[in-house]
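Chemist: Here is the input, now give the coordinates:
(chains A, B and C)
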Amino acid sequence: MRILIVEDDRLISEALESRFKDLGHGVDCVYDGDVAFSMVAHTQFDLIILDLNLPNKSGEQIIKRIRQHSNTPVLILTARSEVYDRIQLLDLGADDYLSKPFDFGELEARCRAIVRRRQGSDHNDITYGDIEFNTANCSVKVKGDIIELKQREYRLLEIFITHPNRVMSKEEIIDHLYGYDNPPNINAIETYVGRLRKAIISSNVEIKTLRGLGYLFNQVEA
Amino acid sequence: MKHKAAQFGFVHCLFIVISWFAFAPKTFSAMVDFNLPKVVELSVYGAAYLSEMQPLLDDFHKKNPTISIQYYPASSNQLVRHIREDNKPRADLTISSVMDLQIQLVNDGYALPYKMNMLSNDEQSGIIPHWSHWRDELFGFSFEPSVMVFNKAFLAGKEVPSDRIKLLSFIRHYSDQLMGKIGVYDIRTVGIGYLLWSFERVQAANNGQFLELFNHHNARTFESTSSMLHALSNGEILMAYNIMGSYAKSWQEKHQDLVVVTANDYTPVIIRSVFINKTTAHPKQAKQFIDYLLSYSGQRLMAEKTNMPPVRTDIRSENSAYFMREQYANQLKPLPLDVSLLIFSDYSKKEIVITEWENALKQYD
Amino acid sequence: MPQKSFSTRSLRFQLIFSASVLMLLISLIALVAVKRYAYQTAEISYDRYLSNSARQIMDQVRFNNLQFSVDIPFSAFKSLTNSPRDKVYYLVTTQGLNYITGYQSLLDQKEVINTIQNYPIKLEPEAEFFHLKFKGSLIRFSIVSRAINTSEGPKNVFILIGQTTESRKVWEKELSNFAAKLIIAFVACALLVIIILINKVLKSVNTINHKIAKRSNVDLTPIRLDAPQEINHLINTINQFMTQLDSTLTNLKNFTSEAAHQLNTPLAGLRAQLDMALNKSKDPETLDFLIKISSACHLLERTILQLLNHATIKHRYQSIEPEAIHINQLVKTVCRELAINALDQEIELSYRDSLQFSIQGDEFSLSQMLKNLIENAIKYSSKGGEIDVEICQQGSKAVLFIRDYGPGIDATDKPYVFERFYRSPNANSNGTGLGMSIALDVARKSNAILSLEDSDPHGLTVKVQFPHKFWQAII
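Modeler: You can find the predicted model right below:
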């Protein structure tokens, strides 16, 4: 991936750069809002990591500019504790945020997630654990073998796989599954989850039920 | 120890009981006589003929059997002396028609105040008219006009003079017949006579003319109303001037030989009044008597059985103050029952009036 | 209980009390004045009657036949009947105290003798007046004198005429009564007006009170009110204070925000570099140091985070309007966020409820509280354990239970748990010591009661109770 890191603190941006380069991504660092502005206008990136409190240009303005040109996933870094700032920014078009100081592992996971989410519409292949999920020909493979899934279970799996490491409540699942037409009864979800669970029983990914909270699509360590 | 205490207690109680009896004889006698109600004797002194008062006294006694009235008739002067000199037996109540003397006695403090319920009760206060009492101390109970009285036989065939002007011309006309035949009160000794005369002296314009006429006709003076009425009856005199109407009427009713005339232009009216003597030993019973005199039944009796017209405004028969005041408003000149009457008892005034009168009337008695 | 001093009683009471006392004083003074006035007018009127009567009598004094005589006119006493109940006493005498007519006993009175003897000899002497006790009553006398021609030359004749004072007293009483009625009516009206005015003024004050009370406790916008001048001053002062408070809060907010940035940025840098070092280091000894530094760094981060959170929570309660928060949803959201961490330590988080309710509060603060409490539970659970989160109703209270089945907290420690930076000797060393005190703070501000119990068979149960006024059921 081509990653743009917009962060004026050298300690952080150096570390990030090093880390992502180690993972094999191409990284560009800018330390200034104005520069970021022009960079974004001329170059396509796969991922932008943006610090909110830059000199010269505010995070808001930069996101706006990004969104004018593309759908690149944007992850915001912020050191301030104001809650509403972040929500505003999510509304403006950022995909996710992380507050400083942060854990790298978490940063990477989130970057992956937002990239995957954006890619979901373009790219065909999503993998999680030993499950391969192909949106183009609607096939699912576990450990390389294709498994048969009914439409409902397929859709359910899609939702899970695009929201890894998140506990999904039943209400959320219903929302994603049905939109506005005929939401079924909550208990129906239990049935579908049960079926899906059965279908991927051989996988190293489990659907963990957390009583009262929802379901977690989780890769189990071997 | 206990024995002694009991003894002591007993003696103590005995002492209390005895001293109670000693110092409260009344209680003692009351305790002894508890079966017999006490009879209170009221001494009523009156410058009023018993004959007129009798029906009232009887009725009162009937209604209040525990009160017996001892009535002492006296002349007004005797009355005044009796009270001022504090003679015994002391009067409990004083009745008189000589208003100026009554006022003077009350003014000088000889009356006991008695706030009658009827007078202070707003609802009823109209019944006893305001002009009939003074200071809650003097209570007028009858309203008596002063009249001219003629020998009936004498008047036969003659026109009865209905007012004073006509009387003047009547006297002049029948001058010969009336020579020495006119009777008047001796104002030196008859209280009511003096009062009526001195009042007329103020009120009437033709006073002087009367004096002249009396002088000319050798008018005879009398010491009392009854003697004057007697003289009229047997023809010693043929007319009497300014006499107490109550007695004249009573006499006329009895003997039918007199003619009583009230003058159309000027009829003085006397209020007969009563007060409770301050020195009375029986205030409660005295008040009861006053209550009776002014009660509806008492005043009804007055209207029906006597010639003393009652003052109560709820009695309106012909023989009543109310009737008279309504019918004869123009001619009546009631004497005021107030301090203005003090003038007539004034020493200097009395001298002047009596001297004037004496000079006018030579004594022919 | 100590009696309230006057100045601390209600303003209304003070004003009305003072006004009443003043009115009472004024009316008493007025009544006394009226009584005096009534007495004086009575005296003047009735004295005049007396002196007129005396003069009328005087007009009739004659000297004839070597002696004085008086033919008192009827009218002289008639005018005295204006006082219908009053007794009359009179005397006509000479300077040499020779009785002419009237009440002779008056000549025995010292006062009478004195007055006659001290009477000024003038051309037209005025009537004089004096009081005398006679025949048991107080009599008001008038005395006039005139020189009458006699055979022995002009001689002064004195006429005294007196009355009891009943009519005067009646007049006084009637006038006083009338005046009293008038004064009472006036005072009543005045008091009424005063009370109305007081109410009006206090109403303005009450309106301010009402306006301020109606506001949420975070609204520091200036009060707008049309009021009388004095009240406006008060309002302006209040507004000034509120503006000051507002700016102080804003400064605090800004400071916190600024502090967050200034602390977190270098920390993030520190972390970033540390992670890299940890990644790249091969030397076990260096690795050891780095791990220790990393651990200290983590603690630093968490402490700073909690401190900043606490500061944020505090100022949010002064500046943010509370809104309706659906507790069940918030709890579930926090649980879901933390469930993954928990699972990493093989601790399973579960939730159940038998009541749906909402409260008025601040979402950020409440979620911090819930995070702290649940994170605590996770920290102190043993591997493979469970954490039950339950919402139910107990009596009139809505209750949130967070139960862990770890070692729990000793009875001796329990009271200290909520103190800032308290670290129990039994606790593991990862905690900042702030979590519980923040949670308690938030609970208090949300009108909830936070308490600790023991789980069965062992462990800590955190109980958050919302009393019945402060929560609303959601159907």
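
Chemist: quick one, what contacts A:Glu158?
Modeler: Residues near A:Glu158 by Cβ atoms under 8 Å, 6 or more residues apart in numbering or on different chains: A:Phe133, A:Thr135. Glycine gets a C-beta too; all of them are placed from N, C-alpha and C.

Chemist: Which positions in chain C make contact with chain A?
Modeler: Along chain C, the residues adjacent to chain A under the rule Cβ under 8 Å from any Cβ of the partner chain are C:256-257, C:260-273, C:275-276, C:279, C:301, C:308-309, C:312, C:332, C:335-337, C:339-340, C:343, C:348-353, C:364, C:389.

Chemist: Which of these are buried, as a PyMOL select command?
Modeler: Those of these that count as buried under 16 or more other Cβ atoms under 10 Å in any protein chain shown are selected in PyMOL with:
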select buried, chain C and resi 256+257+260+261+263+264+265+266+267+268+269+270+271+272+273+275+276+301+308+309+312+332+335+336+339+340+343+348+349+350+351+353+364+389
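
Chemist: what number of residues lie near the residue nearest to C:Gln117 when sequence neighbours are not counted?
Modeler: Nearest non-adjacent residue to C:Gln117, counting by Cβ to Cβ, 6 or more residues apart in numbering or on different chains: C:Gln95, 7.8 Å away. The local packing of C:Gln95 (other Cβ atoms under 10 Å in any protein chain shown) involves 15 other residues.

Chemist: just the one 5 residues further on next, same as before
Modeler: Counted with other Cβ under 10 Å, the neighbours of C:Ile100 add up to 18.

Chemist: Confirm that it lies within a strand, as I assumed.
Modeler: Yes - remark: C:Ile100 belongs to a strand, assigned using DSSP: H, G, I helix; E, B strand; the rest coil.

Chemist: which secondary structure element contains the residue lying closest to it once chain neighbours are set aside?
Modeler: With sequence-adjacent residues excluded and distances taken as Cβ to Cβ, 6+ apart, C:Ile100 is closest to C:Val92, at 4.1 Å. C:Val92 is part of strand C:88-94, with elements assigned from DSSP states H and E.

Chemist: what's that strand packed up against?
Modeler: Contacts defined by 3 or more Cβ pairs under 8 Å, 6 or more residues apart in numbering or on different chains; DSSP states H and E place strand C:88-94 against strand C:67-70, strand C:99-102, strand C:153-164.

Chemist: Return the last one as PDB; C-alpha atoms alone will do.
Modeler: Read it as strand C:153-164. The C-alpha atoms that make up strand C:153-164 are tabulated as PDB, following Å, rounded to 0.1, in the frame of the first residue of the first chain:
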ATOM      1  CA  GLY C 153     -71.500 103.200  92.000                       C
ATOM      2  CA  PRO C 154     -70.500 100.500  89.500                       C
ATOM      3  CA  LYS C 155     -70.100  97.100  91.000                       C
ATOM      4  CA  ASN C 156     -68.700  94.000  89.400                       C
ATOM      5  CA  VAL C 157     -71.100  91.200  89.200                       C
ATOM      6  CA  PHE C 158     -69.900  87.700  88.400                       C
ATOM      7  CA  ILE C 159     -71.800  84.900  86.800                       C
ATOM      8  CA  LEU C 160     -70.600  81.300  87.000                       C
ATOM      9  CA  ILE C 161     -72.300  78.700  85.000                       C
ATOM     10  CA  GLY C 162     -71.100  75.100  84.800                       C
ATOM     11  CA  GLN C 163     -72.000  71.800  83.400                       C
ATOM     12  CA  THR C 164     -70.900  68.200  83.900                       C
END
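
Chemist: tell me the angle it makes with strand C:88-94.
Modeler: Between strand C:153-164 and strand C:88-94, the angle comes out at 170 degrees (axes from the mean of the first three to the mean of the last three Cα atoms, to 10 degrees).

Chemist: helices or strands up against strand C:153-164?
Modeler: Applying 3+ Cβ pairs under 8 Å, 6+ apart, one finds that strand C:153-164 makes contact with helix C:11-59, strand C:61-64, strand C:88-94, helix C:110-117, strand C:137-150.

Chemist: For residue 103, give me its contacts.
Modeler: No chain was given, so I picked chain A. Residues near A:Asp103 by Cβ under 8 Å, 6+ apart: C:Arg271.

Chemist: wrong chain, I was asking about chain C
Modeler: Neighbouring residues of C:Tyr103 by Cβ under 8 Å, 6+ apart: C:Tyr89, C:Tyr90, C:Leu91.

Chemist: I'd like the residues you listed laid out as JSON lines, including neighbour count, pLDDT and distance to B:Ile187.
Modeler: Below are those laid out as JSON lines (neighbours: other Cβ atoms under 10 Å in any protein chain shown; pLDDT from 0 to 100; distance: Cβ to Cβ, whole Å):
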{"residue": "C:Tyr89", "neighbour count": "23", "pLDDT": "93", "distance to B:Ile187": "25"}
{"residue": "C:Tyr90", "neighbour count": "27", "pLDDT": "92", "distance to B:Ile187": "23"}
{"residue": "C:Leu91", "neighbour count": "23", "pLDDT": "91", "distance to B:Ile187": "25"}
